[in-house]
Every structure is written in structure tokens, then in C-alpha cells.
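In: sequence first, then the predicted structure, then my questions.
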Amino acid sequence: MSALFVAGAGTEIGKTYVTAALVRFLRARRRAVTALKPLASGVPPLDDPAFAESDTARLLAALGQAVTPEAVDACSPWRFRAPLAPDLAAAREGRSLDWRDLVAWCRDRIATSGGDLVIEGVGGLMSPIAPEATGLDWAKALGLPVLLVSGSYLGAISHALTAAETLRFHGIAMMAVIVSESEGAPTPPETVADAIARRVSAPVAVLKRGGSFPDALADFV
Ligand SMILES: Nc1ncnc2c1ncn2[C@@H]1O[C@H](COP(=O)(O)OP(=O)(O)OP(=O)(O)O)[C@@H](O)[C@H]1O
Ligand SMILES: C[C@H](N)[C@H](N)CCCCCC(=O)O
Ligand SMILES: [Mg+2]
């Protein structure tokens, strides 16, 4: 696998859940793995008990690493408090992110990580990451294959296909689509996965509520 970018068809859809499941899947197979969430918004301070629910804390847990300031900085150097698009969250703090720094930081990790590397994006594929860039620009600049995470809520099929088509249009390889089962979805996630699979050329797999990384994708990671 070496390196992979996890993008969402939307936000709060299961990217971190899938990334953590993939980390556990790889570690169970004795693979050396690093997971990064380089840019995160909606992140409480480290000393707030709510930090335990953050993407960074959940990825460190999957990696079997303690939540120390060093580990948090190494996983998520750009963290913002407000639960908004990162550019807006940064502005709330009087900060701004030069997205070229983010790309350079990720490229350095890709070049030096050694084992498998999973990078979780932020929000949906085209959520703004900086005033002049979206997650799509970030994924394109890194040139990594994308694992697209979809939900199974009503509307998820269109969101997933729109993201898949956008990746295709921009020449970004889509490794697979994972349908992470949404709470209260009106149809089984398999129905959503079938509808997506009929319209994309990549493999499509389901991750049920509380489930682990799909074995069906073992050959792709
Ligand atoms: N398959 C699943 N089984 C159980 N819980 C899930 C599953 N998928 C997502 N969730 C839960 O749904 C919530 C949102 O998922 P998650 O945090 O992974 O989304 P995200 O796409 O990473 O969000 P963000 O855009 O904030 O990074 C979390 O509480 C997560 O644990
Ligand atoms: C706070 C949230 N969980 C994410 N960290 C940020 C989502 C940004 C979405 C922006 C958008 O696409 O409208
Ligand atoms: Mg997340």
C-alpha cells in the first residue's frame, strides 16, 4: 500500500472511523503504519477531556500510542478549535494556514515514513482548507491514491458519485470506496454500496456500524 489519502464524500461521515479501522487491520498483520490527521478543526485543547473524542486521539488509540503533546503534534500539527471549515476556524483564532506548508509537511512524511502511511483529509473532498485551496487541491498535490469514504444516509449515493467523478475528472486515482454505515439510514449500507459500485470502476465495500475494516479490500491495502 505504502501511502493513501482518505477523503470524505462529506464531513462527519466516517473518515476517522475507517482510518482507525485500517490502522488496526494493518497492525494486526504486523505492518508498520503511521496515521496522520495533519489539519483538523473542531479540536478542543489537549487538557480538555473532550480531546479524547478528537480525530487525533482516536487515530493515536488505533496506533497504540499515548496522547502526549509530542504525539499529538506529530500527528496533527495544524489544529483549530472552531468546528468549521479549517480556513474559517483558523481565522477565528487570528491565524491562517499556508496550504503549501501543509503539502510540504505531508510530502516529507511520505518520503520518510518507511512503512504504510494513511493521511486523513478534512471535511468533504472539496471543503476549504485555506482561503485559496480545498481538500481536492491537497489530494492532487500529494498524488496519492484516494480511499473515498461515503455514508449510507439518504443522499449519500449522490455525494459519493459526485466526489468520485470529481476525482476522476482531476486524474486522481481512487483506490476504493468504503460505505460507512450511517446511523438511522433508511436502507442497508449494501444497497448504497451496490448503487455506487454500478457507477464507478473502483471496488466498493461496506463497513457496518461498529465493524472492522472490510476483508474484501485486503488485496488493495
Ligand atoms: N461504521 C461506523 N460504526 C460506528 N460508528 C461510526 C461508523 N462510521 C462513523 N461512525 C461514528 O460517526 C461519527 C462521525 O464519524 P467520523 O468522526 O469517523 O467522521 P469523519 O468523516 O472523520 O468526520 P470529520 O469530517 O470531522 O473528520 C463518529 O462518532 C464515529 O465514531
Ligand atoms: C468540524 C468538522 N467535523 C470538520 N472538522 C470540518 C468540516 C468542514 C466542512 C466545510 C464544508 O465543506 O462546508
Ligand atoms: Mg475525521
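Out: Happy to help now that I have it. Ligands and ions are numbered 1, 2, ... in the order given.
In: now tell me what touches stretch 103-112 from outside.
Out: Under the contact criterion CB atoms under 8 Å, 6 or more residues apart in numbering, stretch 103-112 has outside partners 3, 34, 36, 38, 77, 117, 119, 138, 141, 142, 144. (C-beta placed from N, C-alpha, C; glycine too.)
In: what ranges do the strands span in the chain?
Out: 3-8, 33-36, 39-41, 78-80, 116-120, 128-130, 133-134, 146-150, 174-180, 204-207 (DSSP state E).
In: most packed of those?
Out: Most buried of the strands of the chain by mean neighbour count (mean count of other CB atoms under 10 Å) is strand 146-150; its value is a mean of 28.
In: hmm, back to that, which of the contacts of stretch 103-112 lies closest to residue 198?
Out: When the contacts of stretch 103-112 are compared for distance to residue 198 (CB to CB), residue 144 wins out at 26.0 Å.
In: mind checking pLDDT for the closest one?
Out: pLDDT for residue 144: 98.
In: in contact with it, which residues?
Out: 3, 4, 5, 110, 119.
In: and of the strands of the chain, who's closest to ligand 3?
Out: strand 116-120 (5.7 Å; CB to the ion).
In: describe which strands the closest one pairs with in its sheet and in which direction.
Out: Strand 116-120 sits in its sheet next to strand 3-8 (parallel), strand 33-36 (parallel), going by DSSP bridges.
In: alright, that wraps it up for me.
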